[in-house]
Structure formats: structure tokens, C-alpha cells
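coordinates only, sequence not included:
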């Protein structure tokens, strides 16, 4: 009698369920914060690029594409960090660190997800397709930058902002100045929140010899985070003026500014719990900017009340 026949059906289903659960945790479907941090600026860019009138098709494609690429990036990240995660308090329960799945499975899953994301954009123009190539390469090599680059968060700032020029390219077939300015603004936001994230793991990363902005900046880490927030919000204010955005956009910007100040309060003591809460809170900051942008374009298109859109 072979092993499969000797294994009770309940046991086989339990093994399958455990493997699926490991895949789910590998690509962080149980932790959507990373997808949301990618999604809000990408959707904001779509609204600006289309003057507040993106089609539901393009919204769906970029939303699903964001989820797929973030999931692929997580699988690739865990593959790259498979020999380190077991020694970091926050990551020691990840599937590869616990040997619940094999490294080749993570690579195969990352490749499959990236392929699905690519197939989503083949309906767009040639420039958008070409732009996806450096975006993919950046996502692949980022996890290895912690080995030798003092500020890998800066590289992540490029990776996590790439949906912005792609959104403009999908609409225009090129990336106008507004798209690159949004890209630049988002870069500073990513550096801010990923430095908060790095502050959570600083002690473990020092022991492992890894490099992060939290380590490189030392006692100036909190100051650097707040300066990045200031540049991000200042650039958004300038972009709002150049794009003729109105009071709803600036209301969202005000909410985002208040949230950034709250993050200072959370990270000022450099405690793990506070830094992690600040990192998670960036979802609301990005949502505030997106909601303000959507509301501004929506009320501008309405015949009432005219004074709100003036």
C-alpha cells in the first residue's frame, strides 16, 4: 500500500490547508497594509491623470495589479531574507523562516504572481508595458540591497512609487511632469514610513549585520522621518496648486499632516510598539490624500454647491 493510500483523507486535507495557509502568509494576504500603502498613491495618480474620471476597468486593473505585485514582492523578500528572518523577533514566524515551505516554492509563486500582473497591463500602450520592466527589476533586487546599501529605504521609495508613473503612462502614453512630481513626493513618504518600520527591527538588524536607514541615521532617525514627511506634504501642496485642486484636497492634506504629527509622538521614544503603530498608521495618511483628491474632483463636477469647488 502506497503512502498516499495509507494517509487518511482528513490528514491529506489538513496538509493541503496548512500549505495554503503558508502561501497566504508568505504573500501577506493576512496583512494588507503593504498593498494599501502601494494602492492609495497609485489610485491618487489615476484620479489626477484622468482629472477625476478614471474608468472602472483601469481602476480594477491597477488595484489587482498592485495586489499581485506586492504579493510577488513579499515572496521575493522572504526568499532573500530566509536565512535572517528566524533571528528577527518580528519575522521569525514567517513560513520560510519556519521551513513550512521550500525556497523554490517562494520563487515559483513570486514568478507566477508577477506574470499575472504583467498580463493585466498588456492591454495598455507600449510605453506602459516597457515601464513595467524596470518596475519588475526593482522589485526583484530590492530585498538584496540590505546586504550592502546603507539606505535601502531609498531604493524601496522608488519601488513603492512606481505605480504612479505607470498610472500616468496608461492614460497618456507618456509621463507628464505632474506624474514625476507625484513620484518624487511619494518617494519621501515611503522613506519616512519604511524608516519607522526599520526602527522596529533596529536591534536585530545590528546583530545580523544588515543595513537600514534606522541604523545609518542613528540618533537623527526621528528628525529624518519628520523631514521626509515635511517634504512629502510640501510637494503635495505645490502639486495641488499646479493642478488647480481645491479645498477638499487641502482638507485631506491637513488630515495627513495631523497624522504625521501623531507619528512623531509615537516614534519619539524609539520603542518597537510605537514605531510599528506609526508605520501601520500610514495607511490612514495615504487614504486621507486619496479621499481628498477624489472628493475635490467629484464636487468640482457637480452643479452644486459651486462655492465648494471654487
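Yep, it's here. From a predicted model like this one, the values you see are computed outputs, not experimental measurements. Numbers count the residues shown, from 1 in each chain.

which residues are in contact with the helix or strand containing residue 11?
When secondary structure is defined by DSSP states H and E, residue 11 falls within helix 9-26. Helix 9-26 is contacted from outside by 4, 30, 74-75, 78, 94-96, 100-101, 105-106, 109, using Cβ atoms under 8 Å, 6 or more residues apart in numbering. C-beta here means a position set from N, CA and C on the backbone, and glycine is covered the same way.

ok, 7 Å please
Outside of helix 9-26, the residues within contact range by Cβ atoms under 7 Å, 6 or more residues apart in numbering are 30, 74, 75, 78, 94, 95, 100, 101, 106, 109.

top of those residues by neighbour count?
With neighbours taken as other Cβ atoms under 10 Å, the top of those is residue 75, carrying 26 neighbours.

residues in contact with that residue?
For residue 75, the residues meeting the contact criterion (Cβ under 7 Å, 6+ apart) are 26, 27, 106, 109, 110, 113.

Same question for residue 168.
The neighbours of residue 168, taking Cβ under 7 Å, 6+ apart as the test, are 45, 49, 175, 176, 179.

centre of the chain versus the helix or strand hosting it, how much separation?
Secondary structure here is read from DSSP H and E; on that basis residue 168 sits in helix 163-172. Distance, stretch centre to chain centre, for helix 163-172: 17 Å (Cα atoms, centre = their mean, to the nearest Å).

Show me which residues of it are buried.
For helix 163-172, the neighbour count (16 or more other Cβ atoms under 10 Å) marks 163, 164, 165, 166, 167, 168, 169, 170, 171 as buried.

Skip the chain neighbours and tell me the closest residue to the residue nearest to the spatial centre of the chain.
The C-alpha lying nearest the average C-alpha coordinate of the chain belongs to residue 38 (Cα atoms, centre = their mean; 3.4 Å). In space, residue 38 comes closest to residue 66 once its chain neighbours are excluded; the distance is 4.9 Å by Cβ to Cβ, 6 or more residues apart in numbering.
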